[in-house]
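K.L.:
Fold the following, please.
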Amino acid sequence: MATTPAPVAPLARILRGTGPGLLLAHGAGGSAHDNWGPLLDGLAAHRTVVAPDYPGSGDSPDEPGARHSLDELADRLVAAADDAGLAGFDLAGYSLGAAVAVRIATRHPGRVRSLLLLAGVAGGSQRFRLLADHAIALTGHPALWADHTLTTGFGRSWVEALPAEELAGLRTALAAAPVPAGFRWQFDLAARADVRAELARVTVPTLVVSTTEDGLVPPEQHRALAQGIPGARLAELTSGHLPMVERLPELRELLVGFLANPAGPAGPAAG
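P.N.:
From the prediction side, this is the model:
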């Protein structure tokens, strides 16, 4: 006898601004505020921004025992857009969120107007699988996790340029930061996610932003997204995996410019 799946609670989300809809998908181990917070004011000046938290991140409670998937996250993010009254929306995804965004674009093709993929996961990287496994193994070891983030999450140029006292302070802050309850399943899903086979079915204007000093999600992953999506454009930022920290003004300019004119040129690569 078939059983009815248990209902799931709506995802907590940031809702800000007015105007055309913009749906944001965050990365593994982050939250809507962690990953998109520095950009929200600029985006919400012209958009109705909906930025959900995955289960176990931000204000969304963890769901112990659940087996989360790209399909599930895609559907729940679209449900958050529905709750905000958005019939259609532009869509931006960061890291794992880029794979979620591709899945939304192919699973709900009539809803998405344009697609922006930032430092995104395409799939099939053995190196990223190893790095994700290492990140999961470091849960409960704050000092080691801080060093892992400094050497894989941030770009080498940015880290080398930090004054010694700022680097020490950042290392202490990273070690003291709480680990989201959904950290393990999100990193595991990011490492297993593979959207390469569906990229050719994305039909909306797409900008892929590659972080060229990314030590976590290899730039080859970003380029695979751009090469696989028909007509996609590629812009590059000299940054590690956290351009919202390292290159915020340039990143804001790319996002706002693309949203204002998705069919236009991406502009020069930001060095």
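
K.L.:
Got phi/psi on Gly140?
P.N.:
phi 90, psi 0 (degrees, to the nearest 10).

K.L.:
Tally up the residues packed near it, please.
P.N.:
Gly140 has 8 neighbours, counted by other C-beta atoms under 10 Å. Any C-beta I mention is one placed from the backbone N, CA and C, and that applies to glycine too.

K.L.:
Check Ala44 too.
P.N.:
A count of nearby residues for Ala44, using other C-beta under 10 Å, gives 18.

K.L.:
any idea of the pLDDT on it?
P.N.:
You'll see Ala44 listed with a pLDDT of 95.

K.L.:
Nearest residue to it in space, please, no chain neighbours.
P.N.:
Gly17 (3.0 Å; C-beta to C-beta, 6 or more residues apart in numbering).

K.L.:
so who does that neighbour touch?
P.N.:
When contacts are counted by C-beta atoms under 8 Å, 6 or more residues apart in numbering, Gly17 touches Leu43, Ala44, Ala45, His46, Arg47, Thr48, Val49.

K.L.:
Which ones among the residues you listed map onto helices?
P.N.:
Counting by DSSP state H, the contacts of Gly17 place Leu43, Ala44 in helices.

K.L.:
Most neighbours among the contacts of Gly17, please name it.
P.N.:
Of the contacts of Gly17, with other C-beta under 10 Å as the count, Val49 tops at 28 neighbours.

K.L.:
just checking, that residue touches Leu24?
P.N.:
Yes - applying C-beta atoms under 8 Å, one finds Val49 in contact with Leu24, separated by 6.6 Å.

K.L.:
Show me where the protein has its strands.
P.N.:
Assigned strands in the chain, in chain order: 13-16, 21-25, 48-52, 89-94, 112-118, 206-211, 233-237 (criterion: DSSP state E).

K.L.:
Strand 48-52 and the second one, what's the angle between them?
P.N.:
Direction vectors for strand 21-25 and strand 48-52, defined by axes from the mean of the first three to the mean of the last three C-alpha atoms, to 10 degrees, enclose an angle of 20 degrees.

K.L.:
Just name whatever secondary elements strand 21-25 is in contact with.
P.N.:
Counting contacts by 3 or more C-beta pairs under 8 Å, 6 or more residues apart in numbering; DSSP states H and E, strand 21-25 packs against helix 32-44, strand 48-52, helix 70-83, strand 89-94, helix 96-107.

K.L.:
if we go to 6 Å?
P.N.:
Contacts defined by 3 or more C-beta pairs under 6 Å, 6 or more residues apart in numbering; DSSP states H and E place strand 21-25 against strand 48-52, strand 89-94, helix 96-107.

K.L.:
Output the ones you listed as CSV; include the columns mean pLDDT and distance to Asn261.
P.N.:
As requested, those are exported to CSV (pLDDT from 0 to 100; distance: least, C-beta to C-beta, whole Å):
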stretch, mean pLDDT, distance to Asn261
strand 48-52, 98, 19
strand 89-94, 98, 12
helix 96-107, 98, 19
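
K.L.:
Indicate which one of the ones you listed is closest to Leu73.
P.N.:
Among these, helix 96-107 comes nearest to Leu73, with 4.9 Å by C-beta to C-beta.

K.L.:
Can I get that closest one in CSV, CA atoms only?
P.N.:
Extracted C-alpha coordinates of helix 96-107, given in CSV (Å, rounded to 0.1, in the frame of the first residue of the first chain):
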residue,chain,number,x,y,z
LEU,A,96,26.1,24.0,-4.3
GLY,A,97,23.4,26.5,-5.0
ALA,A,98,24.5,26.7,-8.7
ALA,A,99,23.7,23.0,-9.1
VAL,A,100,20.4,23.6,-7.3
ALA,A,101,19.7,26.6,-9.7
VAL,A,102,20.4,24.5,-12.8
ARG,A,103,18.0,21.8,-11.5
ILE,A,104,15.4,24.5,-11.0
ALA,A,105,15.9,25.8,-14.5
THR,A,106,15.4,22.3,-16.0
ARG,A,107,12.8,21.1,-13.6
